[in-house]
Each structure stands twice: as structure tokens, then as C-alpha cells.
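1. need a structure here:
(chains A and B)
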Amino acid sequence: MPSPDSSSKKNGNPSPKNGKSDGKQHPTPMLDELEGGPWPSFVTGLKRLRDSQDKQYAPMMNDLLGQLEHSYEKKLGFWKGGVVSVYGYGGGIIPRFSQVAEKFPESKEFHTLRVMPPAGFHYDTDIMRKICDIWEEFGSGLIAFHGQTGNIMFQGATTENTQKAFDALNKIGFDLGGAGPCMRTGMSCVGAARCEMSNYDEQRALRSIINEYLDEMHRPAMPYKFKFKFSGCPNDCVNSVQRADFAVIGTWRDDIKVNQDEVKAYVEKVGRKYMIDSVITNCPTRALSLNDDNTLDVDNQSCVRCMHCLNVMPKALSPGDDKGVTILIGGKRALKVGDLMGTVIVPFMKLESDEDYEKLTEFAGEVMEFFSENALEHERIGETIDRIGLPAFLDALEIDPDPNMVKHPRTSSYVRTDDFTEEAEKYFEKKKAKEAEEAKRVAAAE
Amino acid sequence: MSEAATTPRLPDETGVPDPFLYMHPTMKKNYGNWDWHERLRPGVLHHTSKTGESIYTVRAGTQRQMDVYTIRKLCDIADEFADGHFRFTTRSNIEFMVADQSKIEPLVEKLTSEGFPVGGTGNSVSMISHTQGWLHCDIPGTDASGVVKKLMDMMYEEFIKEEMPNRVRITTSCCQVNCGGQGDIAINVQYTKPPKIDHDLVANVCERPAVVARCPVAAIRPAIVNGKPSLEVDEKKCICCGACYPPCPPMQINGDDSTKLAIWVGGKHSNARTKPTFHKLVVANLPNNPPHWPEVEAVVKKILYTYKDNARDWERMGEWIDRIGWPKFFELTDLAFTKHHLDDWTGARHNMNSSTHIRF
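-> Residues are numbered from 1 along each chain as shown, chains lettered A, B, ... in the order given. A predicted model of the protein is given here:
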């Protein structure tokens, strides 16, 4: 979407020879190349802001474009960090100071405010217009929806305006997210708001945990970052297994619900061969079988709730009724020991009643407390678990080992087992107690 | 000055906003009570609740880094053609919801005419998850928005159609921290040289023990250089990861020529069929070549269309490769297999083939 008036301006104003910004437009020949093509262009957007001569941010965005073009020419970045915060909080602002401010003085301070969006990223136009008005008055006019951790990123405020922008946003109900060694902004999928695969109230879980521990977010005092993500089903649309220290993923314990008429209708539509090749044999645990009358046979004991058959036939198959979550802990990307996925720590937690949500929130607090007390500086909790071993982590949190936590039991014989018999006795005792409790629950339900 | 003017305002520590304040009324009404969905066409979803109510979603691509004019234009579209509400997906697509099916076509037409491609649903290439790059990050090796713009231009047709074997999730990252995350295809900065150290600055800028501790291979040690406390790097040990750079900017890891791009494939978040996987290196040392990054574009295109032409329905990139094997992947994509593809990090032997399972 190239705007014709911006291209005429770019040709009319040569670069100032002394390199100093004198209010003239910086030429941006390389960035101009990113205005053609069918995908929406961020460059065209930046130019609109630069060309809004009646707005306070126009000079800032001219120099910002100048610096960005300079980066494209030099193939280097020119921002450095620093310390900027708002009154009462220790984090949430990403300070950026230009290293080439002598050439581009108007954008010498270009800080980002990380602001938490409504859970599930819902907006109406009224609140969105208010957001735009505030950022037009105090910021650069540039906003990213959303950053990778899930913040609205208000990109580009001067040090002076950072407080003013925050105050205005805070007054309409928005609060800063996390930055630095602290609990970070959480993210949840659309979930129960629109998805039939949802197995719990994702936004409630997110808000229960994050809003309970805001102190851990706004006054960074942890060894390193700690992220929560909430997906309503094992499709994990918010990518929690690889990205969250604490991943909460919806699942169910009872049988997949099958509407056999819809199954038959689907087989009729796609044919038996396609049904077998694309659904039946794609089941990772061979839990599906197509009957001769085109109905579906599900071995629910073997099903691992991978979601494939539900995804392909959403009208025919649905999650069961006994819903809850699986919690995996310790996912993160490269630094420092290498990539880690989360490990199953809680195979199933019922998530329905107020007490269930309180229990989840409490557990999240216990894990963060363990992290704060035991992790080394700049160590993610997955690395802590690696360092001390899963048995020590479970012991500290008083969680019993569970075969759902492993791909398979250990293969190394390097372990001291002289208390194996006592541990096995404990296992059987707990199993018995659990069975009694479950029987009580079923009796009560009936 | 009045007291109000001199006393700073204390924040209202309100936390995550309540989404029900902004949610489409039909979604609010049927919250937790949805039954099934279908895709009416690429970019358009139809969800039905257990009470029989419907909500239609039109999904469109955005540039993610949006100016207020673009955002207000989206608000105007929502007010005129949708019901005044929208939401964003985790991949920065915008979704307009309408309760009335007849509103779909005018909305799709309006979005398309305003330059917002309608698509990104089902088995399409959705928007690239990306980072900030030169626009705002303090450690980037490349730009994010620029690379994404070029690639999405190239893959535009695959965004507005649903013709891939399964969904394709692409990510880009401007440094090896990989904020963009795992992807079916990931385009990530890969540094190729040890940091160049500005010894005059280290003592003033860096907490030296913290920098030493940050190195994954213990290649950094304190040193006195030109009479000043500084750091030195054992370049034989250095793996050029850039971990020392954020805590100590004088450890300059980026170079205009030494910062390269690498492409990885086969990352997957979903638990569908196979367990989640990390992406794997397929090619490194591609030049960081703004504003078109043609070398990157060519490789991504080759991989994407080789997958499209060869994978079976519902196979994600990694699952397709699992079936055909890595030798075939490198053959089909005309990419080289080198010693650098052999993992030598902790646990690497688990990534080797310990069987006679070999395809001939």
C-alpha cells in the first residue's frame, strides 16, 4: 500500500550534508523498497507518522526512519539500553537510547512501554481509539499488537513522556507488563470465548495467577524471567511447551465424545481411504479404528488427547466432560544450557470450581517461590531442574513422582537404590488412598 | 505549584484487564459453550454454540508494528462492517467477529480493498511470528519487520489460500536468543565470529563476573588489557552465541559482514499426532542482505514448495521429513549436509541414528 504523497516527498528532500537533523526529511531508499508488494507495509505506516506534521511525533518519526535506514545501510543496530521506569514500579519499560543521536536527535530516546492486553487479546473500537489518542499525545504513534510474550508494545516514548503515557493508559484500565528478572506477562489463547476445544477458563486462570502475584512482576526481584502461558487444549496455540516456564494446557480424563452420525457423514464426504490414511493411521497410539458401518471405534484408555482426529472432524468429535489441565514446567529457548521443553509436573488438575482455581494459583506461587529461592542468577527454572535433578525438584514441592512425567524410566544404572522398597511401599499406600478418595468423589457425584 | 503537580501519581496496580469488557457480545454470551466449527472459505471461520448461535470470524494479516492511522482504519472497518469488536491472534493476525452471516462478504471486500489480506486459517501459511530487530531492539543482528514483509509478499498466495498439507508456522529471530520461537521454518540470526571487545569500555559498562558466568562454554575470563580491567575470549572455545553481548555491549558480537542468517525446519508446538519438536538446522551462513534478503527468500521458497509438493495431508514439515528421511530432504531441497549439522552440544548423541533404519 504505497502512499503516493510520501514518495513524492522523499524525492524532494536530499539528505542534509552535515549529517545533522535540520527538520528535513531523511531519504530512505532502502526502506522505500519495502513499500511495494501485497503484504501491509510497516514502512508506509512509519511514513504516515513522519508526515503528520501537526503531530508532536512527526520529527521523532522522521529521525526514527533515518536511523532505521542507517541500520539497513550499515547492517547494524544502534540502540542501547539504560534505566527508565515509572513511579512505583521497577520494571515494565524497555529503555532505548540511540547510539547515533547526533545524526538523529529527535529519536534519541525511544522507549517501549510493555502493557498487558485484555486476556485473549479482545478489544472494542472504543477502547482502541482511546489507546490511539493517548499514544498520539505522548508517544510515537507506533504500537505493536503484540510482542512475543504477549504485551501490547507502545514503541517510542521520550523519557519525560514515559510517565505521562503510563498514567494515561493506567487511568483507562491498563497496567504495565513484565520486563527484567521477574514474572512476565502471561498469554492465553482465545479459548472458551470462541473455541469448542477449550477445556477450562483460560482467561480466568491467567488473570487469577498474574493478578495475584503482580508484585513479582512490577518489582523485579527474581533470579531471571518466569513466564506463564495458557492453552485451552493440546493444540497449544500459545506455544507454551517450548516457551513457558509454567505451561497450563487444557485436557480431559473421560472419553472423547463421538457423534457417530457426523462421523458417517464425514466418511461419506471424504471416502474410506482418506479417512483411514488421514485420520485412523495418524493416531499416535493406534487408538482409532473405522468400523465396517463407517462409525468410529475409540480406545479411550490408549488415547493421549493429541487432538488430531478432533481437529480434522470438529463436528463429529469433542473433548470429554471431565476437564482440567496438564501443567508442564521448565520450557525455554537457547540461553544458557540449550533448548528445553517443559516437563509434565502435574499430569492432571481439575479446573472447574473456585477452589480449583485457587489451588492452581497457590501452586503457581509455590513454584515461583521455589524458583526465587533456589535458582542461580540468570537461570531459568528448567535449568534449575536440570542442575538439581527432577527428584529434588519434586521433593521440594512435595509432589509424588508419576510415570506420566517420563518418556520412559531411567536407562542408567548409576543410582543408589537402598531405599527402593520403602519408596515402593509409599507408592502403594498413596495409590490406595487415592483410589479411596476417587471412590468417595464418584459416590458423592452420584 | 500545587501538591497534585509535585506528587507523582501512584499506579493503580490493576493487572491483566478483564476481557469481558471488550469481548464480542455473542462470544460473551456463549462463553465456554461452543460446539463445533467449520471454515467457510480461507480466512473465514464459523463457530456454532450448543444453543445454536453462530459467530463468524474474518481473519486478516497486519504488519504488527502499526501506526495509529492503520489502527484507526481497522477500528473504522470494525464499526462500519463488523460489530465494533476485534481481537488479535498470537501471530498478530486481526480477527473481526460478526453475528450475522450477511456481513461477511462486505467485510472481506473492505479488508481486501484496504490492503489487509484475508486468510491465515486452516492449512495456510500464517503470519510470521517475529521480533523487533533494528527498529527497537538493543542487540539485533538484522531487522525483523523487513524480513517478514519480504517473505510475506512472497508467500501472500499461501496466506490467502489453504493449499498446504497442514498449517505452516514460520518464525524469524534477530539474534540467537530466538524470541521468535520454534517454527516449521525459522529464519534466525546466526553469528559467525567471536565478539570484538572494546577494552576501553568494559570496566565501566560491564559487571565482569556476571559476563564470565553467562558464557555457555566458559570461554571468557577476566584480563587486564592496556592497563585496564577487561575481558578476553578464548576464540578456539567460543561458539559465537552472543550470550555475553546483552550484559556487556562492548563484547560486540554483530558485524556488518559476520552476522549471518540460518534456516531451521521442523519445529512444532502442537501435540497433534506427534509430540512437540524443536526446529533443526538446515542451512547457515546466508548473507544478511537488506532490504530484500534474496538469498533467504530463495531458500525459504524452495523448502516451502518442496514441502507443499511432497508432503501428505496433515503432515507438518517435521512429520513429512520424519517420513521421507533427512537424506531425501537435503536432496529434494538442493541443500548441503555438512559437519555443522551434526549436533555436538550436551545430549547430542541422542540425536544420532542408533539403528540400521536407513532409506536407500
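2. how about residue 185, what does it touch?
-> Since you didn't name a chain, this refers to chain A. Under the criterion of CB atoms under 8 Å, 6 or more residues apart in numbering or on different chains, the contact list for A:T185 reads A:114, A:116, A:149-151, A:177-178, A:210, A:217. For glycine as for every other residue, the C-beta is placed from the backbone atoms N, C-alpha and C.
3. my bad, the chain I had in mind was chain B
-> Contact analysis of B:I185 by CB under 8 Å, 6+ apart lists B:168, B:170-171, B:263-265, B:279, B:300, B:303-304, B:317.
4. tell me the domain ranges of chain A?
-> Structural domains of chain A, as assigned by automatic domain parsing, span the residue ranges A:1-178, A:187-252+A:323-415, A:257-318.
5. Distance from the longest one to the middle of the chain?
-> What it means is domain A:1-178. Between the mean C-alpha point of domain A:1-178 and the mean C-alpha point of its chain there is a distance of 23 Å (CA atoms, centre = their mean, to the nearest Å).
6. Other residues contacting the helix or strand containing B:A210?
-> For B:A210, the element it lies in under DSSP states H and E is helix B:208-214. Contacts with helix B:208-214, where a contact means CB under 8 Å, 6+ apart, come from A:336, A:377-378, B:202, B:220-222, B:229, B:231, B:243-244, B:247-248, B:251.
7. and A:I172, how many neighbours does it have?
-> By the criterion of other CB atoms under 10 Å in any protein chain shown, A:I172 has 12 neighbours.
8. And the closest residue to it other than its chain neighbours, how far from chain B?
-> Counting by CB to CB, 6 or more residues apart in numbering or on different chains, A:K130 is the residue found nearest to A:I172 once chain neighbours are left out, at 5.4 Å. Counting by CB to the nearest CB, to the nearest Å, the gap between A:K130 and chain B amounts to 11 Å.
9. What's the local residue count around A:K130?
-> When neighbours are counted by other CB under 10 Å, A:K130 registers 16.
10. okay, A:G173: pLDDT?
-> On the pLDDT scale, A:G173 is placed at 98.
11. Where does the nearest residue to it once chain neighbours are set aside sit, in terms of helix or strand?
-> Spatial nearest neighbour of A:G173, chain neighbours left out: B:P17 (5.4 Å); criterion: CB to CB, 6+ apart. Of the helices and strands defined by DSSP H and E, none includes B:P17.
12. who's in contact with B:P17?
-> For B:P17, the contacting residues are A:116-119, A:173-175, by CB under 8 Å, 6+ apart.
13. And the pLDDT at it?
-> So B:P17 comes in at 98 (pLDDT).
14. and if you look at A:S7?
-> What the model reports for A:S7 is a pLDDT of 39.
15. Tabulate the contacts of B:I185 in JSON lines, adding columns for secondary structure, neighbour count and pLDDT.
-> Formatted as JSON lines, those follow (DSSP: H, G, I helix; E, B strand; the rest coil; neighbours: other CB atoms under 10 Å in any protein chain shown; pLDDT from 0 to 100):
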{"residue": "B:V168", "secondary structure": "strand", "neighbour count": "21", "pLDDT": "98"}
{"residue": "B:I170", "secondary structure": "strand", "neighbour count": "26", "pLDDT": "97"}
{"residue": "B:T171", "secondary structure": "strand", "neighbour count": "26", "pLDDT": "96"}
{"residue": "B:I263", "secondary structure": "strand", "neighbour count": "22", "pLDDT": "98"}
{"residue": "B:W264", "secondary structure": "strand", "neighbour count": "23", "pLDDT": "98"}
{"residue": "B:V265", "secondary structure": "strand", "neighbour count": "25", "pLDDT": "98"}
{"residue": "B:H279", "secondary structure": "coil", "neighbour count": "24", "pLDDT": "96"}
{"residue": "B:V300", "secondary structure": "helix", "neighbour count": "24", "pLDDT": "98"}
{"residue": "B:I303", "secondary structure": "helix", "neighbour count": "21", "pLDDT": "98"}
{"residue": "B:L304", "secondary structure": "helix", "neighbour count": "23", "pLDDT": "98"}
{"residue": "B:M317", "secondary structure": "helix", "neighbour count": "29", "pLDDT": "98"}
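16. Pipe those into TSV and attach distance to chain A per row.
-> Shown next, in TSV, are these (distance: CB to the nearest CB, whole Å):
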residue	distance to chain A
B:V168	15
B:I170	13
B:T171	9
B:I263	16
B:W264	11
B:V265	15
B:H279	9
B:V300	14
B:I303	19
B:L304	15
B:M317	15
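17. what's the longest helix in chain A?
-> Determined from DSSP state H, the single longest helix within chain A is helix A:420-445.
18. gap between that one and the chain center?
-> Shown here is helix A:420-445, whose average C-alpha point lies 36 Å from the average C-alpha point of the whole chain (CA atoms, centre = their mean).
19. Would you mark the buried spots in it?
-> Within helix A:420-445, not a single residue qualifies as buried, counting by 16 or more other CB atoms under 10 Å in any protein chain shown.
20. What residues of the helix holding B:A210 count as buried?
-> By neighbour count on 16+ other CB under 10 Å, the buried set for helix B:208-214 is B:208, B:211-214.
21. Can you give me the neighbour number for A:D293?
-> A:D293 has 8 neighbouring residues, counting by other CB under 10 Å.
22. pLDDT score for it?
-> A:D293 is assigned a pLDDT of 97 by the prediction.
23. and the gap between it and A:N259?
-> Going from A:D293 to A:N259 by CB to CB, to the nearest Å gives 15 Å.
24. Could you point out which of the buried residues of helix B:208-214 is nearest to B:N33?
-> The nearest member of the buried residues of helix B:208-214 to B:N33, counting by CB to CB, is B:R214 at 49.3 Å.
25. Need the nearest residue in space to the closest one, chain neighbours excluded.
-> Nearest-residue entry for B:R214: B:A243, 5.1 Å, with adjacent residues in sequence omitted and distances by CB to CB, 6+ apart.
26. which SS state does that neighbour fall under?
-> Recorded secondary structure, B:A243: coil (DSSP: H, G, I helix; E, B strand; the rest coil).
27. contacting residues for it?
-> Residues in contact with B:A243, defined by CB under 8 Å, 6+ apart, are A:335-336, B:176, B:214-216.
28. Just the buried residues of those residues.
-> Buried members of the contacts of B:A243, counted by 16+ other CB under 10 Å: A:335-336, B:176, B:214-216.
29. Could you dump the residues you listed into CSV with pLDDT added?
-> Listed next are these as CSV, based on pLDDT from 0 to 100:
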residue, pLDDT
A:L335, 81
A:K336, 83
B:Q176, 88
B:R214, 93
B:C215, 95
B:P216, 94
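30. What is the nearest of the residues you listed to B:L335?
-> Comparing every one of these with B:L335 (CB to CB), the shortest separation belongs to B:Q176, at 20.5 Å.
31. Can you tell me how far the closest one is from chain A?
-> According to CB to the nearest CB, B:Q176 stands 6 Å off from chain A.
32. if I read this right, that residue contacts B:C241, doesn't it?
-> Yes - judged on CB atoms under 8 Å, B:Q176 makes contact with B:C241 at a distance of 5.4 Å.
33. give me the number of residues near A:G250?
-> Quick note: A:G250 (other CB under 10 Å) scores 29 neighbours.
34. That one looks like it's in a helix, true?
-> No - counting by three-state DSSP, A:G250 is located in no helix; its state is strand.
35. Identify the bridge partners of it.
-> With DSSP bridges as the criterion, A:G250 is bridged to A:V325.
36. One more: B:S129?
-> According to DSSP bridges, the residues that bridge with B:S129 are B:T171.
37. A:V312: how many residues sit nearby?
-> Around A:V312 there are 18 other residues, counting by other CB under 10 Å.
38. Model confidence for B:E207, exactly?
-> Predicted confidence (pLDDT) at B:E207: the value is 95.
39. how many neighbours does it have?
-> Based on other CB under 10 Å, the number of other residues close to B:E207 is 11.
40. For it, give me its contacts.
-> Contacts for B:E207 were tallied using CB under 8 Å, 6+ apart; they are B:247-248.
41. any idea how far A:F420 is from it?
-> 46 Å.
42. Over to B:R87?
-> Relative to A:F420, B:R87 is positioned 53 Å away (CB to CB).
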